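> when you get a sec, could you give me coordinates for this:
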Amino acid sequence: MKKKEIKILLVDDEQDILEIVGYNLAQEGYQIVTAINGKEAVLKAKKELPHLIIMDVMMPEMDGIEACEHIRKIPELSNVIVAFLTARSEDYSQVAGFEAGADDYIAKPIKPKVLVSKVKALLRRLKDDETKSDVLTVGNIEVNREEYKIIQGGKEIVLPRKEFELFYLLASKPGKVFKREEILDKVWGNEVVVGGRTIDVHIRKLREKIGDDLFKTIKGVGYKLEV
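Numbering: from 1, shown residues only. So this is what the prediction gives:
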């Protein structure tokens, strides 16, 4: 996919942030759309169908966490990449962001060139998605990468993008023992820095949604949750 075909939605209540970030990304050739709060972000996302959303957390009317939760419930936005760009760097805030369905959590302040590099790393997943096989079958479980769907016995299980990627990785090699570093590299990308707690959150949410029986069917994975 060419840069000029990629659409990025920037969401921040500070106009100078929108201008600076928007300018640097536009210089790279991306299409830029902006919103000034979470409520407008949800509406713009539904209308524009961006490939990437970069969003602040603390905003009026609707904050970024709530907006992300709303966006993740919109079927046509199931594949959108969501990254928080925020001054909130506390652990609990990051955990809340990932639990809401975010793919990355970037702390302000950040130099424009570094942010552009992070954006490029996130967008590489679009290319990776195009090269991966569309359907994976393990027993009576069918994993459709193109539609981001999991089907078991005719029943559909819907997961946010990152939880789906994690499930797909585990299901691609049943019984394989995955190390933390490998999970971070395969699911988040080695250019994106996230903490080990991120894996714990996603594993826990994945088990809650698909159930232990289904998880064990594809697991056999040497990954233990930290409690």
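
> and the strand or helix carrying V119, what's buried?
Using DSSP states H and E, V119 falls within helix 112-131. By neighbour count, with 16 or more other Cβ atoms under 10 Å as the criterion, the buried positions of helix 112-131 are L115, V116, K118, V119, L122, L123, R125, D129. To be clear about C-beta, it is placed using only N, CA and C from the backbone, and glycine gets the same treatment.

> ok, the first one touching V21?
Yes: when contacts are counted by Cβ atoms under 8 Å, L115 is listed as touching V21 (6.6 Å).

> buried sites along stretch 28-39?
Residues of stretch 28-39 classed as buried: Y30, Q31, I32, V33, T34, A35, I36, N37, G38, K39 (neighbour count, 16+ other Cβ under 10 Å).

> any chance of these in JSON lines, with distance to F84, secondary structure and pLDDT too?
Formatted as JSON lines, the entries for these read as follows, by distance: Cβ to Cβ, whole Å; DSSP: H, G, I helix; E, B strand; the rest coil; pLDDT from 0 to 100:
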{"residue": "Y30", "distance to F84": "18", "secondary structure": "coil", "pLDDT": "95"}
{"residue": "Q31", "distance to F84": "21", "secondary structure": "strand", "pLDDT": "96"}
{"residue": "I32", "distance to F84": "18", "secondary structure": "strand", "pLDDT": "97"}
{"residue": "V33", "distance to F84": "17", "secondary structure": "strand", "pLDDT": "97"}
{"residue": "T34", "distance to F84": "16", "secondary structure": "strand", "pLDDT": "97"}
{"residue": "A35", "distance to F84": "14", "secondary structure": "strand", "pLDDT": "97"}
{"residue": "I36", "distance to F84": "16", "secondary structure": "coil", "pLDDT": "96"}
{"residue": "N37", "distance to F84": "14", "secondary structure": "coil", "pLDDT": "96"}
{"residue": "G38", "distance to F84": "11", "secondary structure": "helix", "pLDDT": "95"}
{"residue": "K39", "distance to F84": "17", "secondary structure": "helix", "pLDDT": "96"}
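
> closest one of those to P160?
Closest to P160 out of the buried residues of stretch 28-39 is G38 (17.1 Å), distances taken as Cβ to Cβ.

> and the closest one, what does it touch?
V11, M55, M59, E61, M62, D63, G64, E66, A67, H70 (Cβ atoms under 8 Å, 6 or more residues apart in numbering).

> ok, E165 touching D185?
No: with contact defined as Cβ under 8 Å, E165 does not reach D185; the gap is 11.9 Å.

> for the two, indicate the residue with more neighbours.
Looking at E165 and D185 with other Cβ atoms under 10 Å, you find the greater number of neighbours at E165, namely 23 against 13.

> not counting residues beside it along the chain, what's closest to the more buried one?
Leaving out its chain neighbours, the residue that sits closest to E165 by Cβ to Cβ, 6 or more residues apart in numbering is V187, at 4.9 Å.

> is that neighbour in a helix, a strand, or coil?
The three-state label for V187, taken from DSSP: H, G, I helix; E, B strand; the rest coil, comes out as helix.

> also T137?
Of the three states, T137 takes strand under three-state DSSP.

> so what's the residue count around the closest residue to it other than its chain neighbours?
If you skip the residues right next to it in sequence, T137 has V143 as its closest partner in space, 7.5 Å away by Cβ to Cβ, 6+ apart. The local packing count at V143 equals 23, with neighbours defined by other Cβ under 10 Å.

> for the one 3 residues further on, same thing?
Residues lying near E146 (other Cβ under 10 Å) number 12.

> check for me that it belongs to a strand.
No: secondary structure of E146 (three-state DSSP): coil, not part of a strand.
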